Each structure stands twice: as structure tokens, then as C-alpha cells.
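>>> following is a predicted model, sequence given first.
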Amino acid sequence: MNKAGRSLLADIVGVLSSHVLSMLAVLGLSVLLSRILGPEGYGIYTSLFAVPMIVLGLVQLGLSRSAIYHLGNQLFPEGKIIASIYILLIFTSFVGLLLTAAGYALVANPHFKIHWMLILLISIPFFLGNIYNGGIFIGREQISVANRLQWMPVTLSLLLSIVLVGVLGWGITGALFSTFCATVFIFFVGYTRVRRTFFFEPGLYPEILKSLAGKGFVYALNFLMLQINYKVDVVLLQRMVKPEQIGFYSLGVSVTEQLWLLPYAVGIVLMSRTANSSDKIQMSETTSLMLRTSFPVSLLGALAFILLTPVFLPLIFGKKFLPSISVVQTIIPGIIIFMIYRILESFYAGFGKPMLSVKILIPAALINILLNLWWIPRWGILGAAWATNVSYSVATSIFLWFFLKDSRLSLKDCFLPRWSDGQRLLRRFYR
């Protein structure tokens, strides 16, 4: 179905549904692993992913978003763009392997075993491939296919972990191997669908490679800065606290970040629509509509988390994870505030302007690092949570100021709901 046949709400609900499925699978995986591995084992497991996630933010060259931008704007023939994306996949995978290995050597965590790191190293090309496949489908506005590629890997990983970790008792090795198998399988599912759905022109196209990599490099910088802001606290905690404390912190952050499901869904749809539109005024108004409708819903979600976490977190994850409750309740303000950032960032990314986000995230990341170094020794994992709150608030305030100035909208336009908002969400979106 083409864009004229879908409402904004329909697309958002579709993306949100897929992420709810992903969330449930992630929740199930977190419950399984935290209960079986315990705080220390779960802390080591989550720490293993910190380095490759940061590296992936750099080496993917922002090709997922670059693909959305190039395919949406039809800058080159579709088949040549897609072929060039897979050529760049080979190059970025090689660089990713080298940088991740160097990162593990630099961190030198004595709790990491060689075969654990090797499993994640081998997974890197397939992590990247799944990101690129998703970008291709979103760029061609086949959001429903991208949705399926979103929830399938983590669901399959959960099912495999139940067998390898829960039944066979393979521990961290089983959890990592489950992720590897799920990632590889879904990559080939996505690649096969791309080859069957789109016209494919194998070949070497220097101009397209240069354009994809050039625009993608800025998207990559943006993603890298986001990952640094997301993961730097876990990296620094490895040097300052015990693994079980990292387990408490990681679980608390993971639970709270589920509040980002709605803004993430909004961002996916908003970027896809923006990339396929030349009317910046209309898309600015659409962005303000997204803020007005999603922010109040997220506030209600935050209130529910504050009230229900003390009851349900120990019930689901066990009483040994009681310290995670304070992490959830402490970091919620920053998570809610950064929701605004994620929506605004998707708007400018769709118009091919990711550098604005990079410029804003650099000082925010520096603040995050400095505050972590200052507050973790004093207040432990809660110090890391407060550092995140301050960093997210600074970045969001700057981005919102710029958007209001650029769009000539007011705070009232962005945050005060209107009676007509429901009708606008249901209205079909035309070019």
C-alpha cells in the first residue's frame, strides 16, 4: 500500500505493535537471564555488549538512514543503491571486527572470556546487515516488513535462550550463542526478501558509494554520539563498581527505556515521511503534532512506572534485583525529556540534516562523561543515573530551542493538545 493509502496513526500503530512485541521478548529474555545468571552474571552479559554497540554506531556509516534518505528522495536508480549498500556492508563489517577487538583489548575486563568476545565479533556483520535491510524497507515505505524484521530476532533469541540457557544450562555462552543464531537467520530472511521485492543491479557504482558513505558518515556520527550517551555510563561503571552493581543499573535502565517505544515508533514514521516529502512547513507541523500527542501519553507511562515498579520488578525479576527500583525511579525524568529529542532528531534526519544532532550531542556527551566520573565514586549507580538525566536535559533543551526558531512554532504549538489532533492523526497523508 502506498503512502496515500495510510494514515499517520496506522503507521505509528504498526511500528509500535512490532516494538511492543520486541519489548515483551526483551522483557522475557531479561527475566530469564537475570534469574538464571544472577546480578553478577547479568552484569557481565550486558557489559559484553557495550563495546560492540558503540563500535556499530561508528562503522555502520549511518547507512540505514542514508538508505532511507537516498531511496526516499530517489537520488539514484533503486537497484544500484541497494547493490551499493551491500558492498558497503562488506567494508563496514571488516572495520567493525577490528575496532571491536581493539575495544575489548582496551577495556581489558578480566571477567570477559575469549569465546564470549569471539561470538559477538562474528555477529557484527549480521548485526550490520539487519540494520541495512531495515533501512532499505523503510526507505521504500514498506514499514510493515521492517516491523517484522524488528521483532523477529529478539523473539527467536528468547526462544533459543530458553533452550540453551534455561534447559541446557549453558549460561552466558548460551545467551550469546542464541543472539548470534537469531541475528544470522533474520539477516538471510531480510536479504532474501530484498532480492525478491526490489530490482537489483549488481555492480560497482563509485558515485553512489561516495554519496551513500558521505551522507551516511554524518548519520553515523550522530548514531555514535547517541550510543556514547547511552552506553558510556556502563563503560565507566566497569572501572568503578562491582559487576552486580552494573547488573542492577543495566536492568533498571533497560526497563525504563521501554518508555521510548512510542517516540521510537513516531520517529520511524516521521523520518520515512519526511524523506519522501519536500514540504518542510507541512512536516514541521506534523512534527509538532507528534510532540503534542505523544508527550502526554509518555508522561502517563512514566507515572505508571514510578508507581508500579516497586511492585512488579521484584515480582518479575526477583528480590535480588531490588536495587534496580531506585535506578528506574531516578532515571525516568531524563528518559521522558529525551523523548522530545528523539522525535526532533528523526525530523531533521529525514531532511538529510543529521549534523545538527551531532553538534548538540558532543557537549551533552562531554557533560555525561564528566558527571559520571564525578558522581559515580560518590553515589554509585544512582550518580550515573543523574548524570544521564542532566545530559539528556541539556541536549533536548538545545534541540527544542533550535526547532522552535527554525519552524517559527511556539512551545504551545508543540505541547498543548488540540481537539483536532485526533482527526489529523487519522487523516490520510498525501504527497
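Ah, there it is.
>>> and the residue lying closest to P125 once chain neighbours are set aside, how far from T100?
Spatial nearest neighbour of P125, chain neighbours left out: S93 (3.7 Å); criterion: Cβ to Cβ, 6 or more residues apart in numbering. C-betas here are computed from N, CA, C, even on glycine. Note on S93: its distance to T100, by Cβ to Cβ, to the nearest Å, is 11 Å.
>>> okay, and the common contacts of the two?
With contacts taken as Cβ atoms under 8 Å, 6 or more residues apart in numbering, the residues that reach both S93 and T100 are I124.
>>> who touches G41 in this structure?
L33, G171, I172, G247.
>>> quick one: which of those has the most company?
Neighbour counts for the contacts of G41 (other Cβ atoms under 10 Å) peak at G247, which has 28 neighbours.
>>> name the nearest residue to it, ignoring sequence neighbours.
Excluding the flanking residues, the one nearest G247 by Cβ to Cβ, 6+ apart is G43, at 3.3 Å.
>>> circling back to that earlier point, farthest pair in the contacts of G41?
G171 and G247 (14.2 Å; Cβ to Cβ).
>>> other SSEs contacting the host helix or strand of I336?
If you go by DSSP states H and E, I336 is part of helix 323-350. Judged by 3 or more Cβ pairs under 8 Å, 6 or more residues apart in numbering; DSSP states H and E, helix 323-350 is in contact with helix 63-73, helix 206-240, helix 243-256, helix 261-275, helix 280-317, helix 355-379, helix 381-407.
>>> give me the buried positions along the last one.
This points to helix 381-407. For helix 381-407, burial by neighbour count (16 or more other Cβ atoms under 10 Å) applies to 381-396, 398-400, 403-404, 407.
>>> same question, the longest one
If you call a residue buried by 16+ other Cβ under 10 Å, then helix 280-317 has these buried ones: 283-284, 286-295, 298, 301-302, 305, 309, 313, 317.
>>> and S93 and T100? which has more neighbours close in?
Using other Cβ under 10 Å as the criterion, S93 and T100 rank with T100 on top: 22 against 17.
>>> now the one helix or strand the more buried one maps to against helix 206-240, angle please.
In the assignment (DSSP H and E), T100 maps to helix 78-107. Interaxial angle, helix 78-107 versus helix 206-240 (axes from the mean of the first three to the mean of the last three Cα atoms, to 10 degrees): 30 degrees.
>>> residues of helix 78-107 that come out buried?
78, 80-89, 92-93, 96-97, 99-101, 103-104.
>>> so where's the stretch 251-400 of the chain uncertain?
Across the stretch 251-400 of the chain, the ranges flagged by pLDDT under 70 are 275-278.
>>> hmm, back to that, count of neighbours near the residue nearest to G247?
By other Cβ under 10 Å, 27 other residues sit near G43.
>>> tell me the mean pLDDT for the helix or strand where it lies?
If you go by DSSP H and E, G43 is part of helix 8-59. Mean per-residue pLDDT for helix 8-59: 81.
>>> any idea how far that helix is from the chain center?
Relative to its parent chain, helix 8-59 has a centroid offset of 9 Å by Cα atoms, centre = their mean, to the nearest Å.
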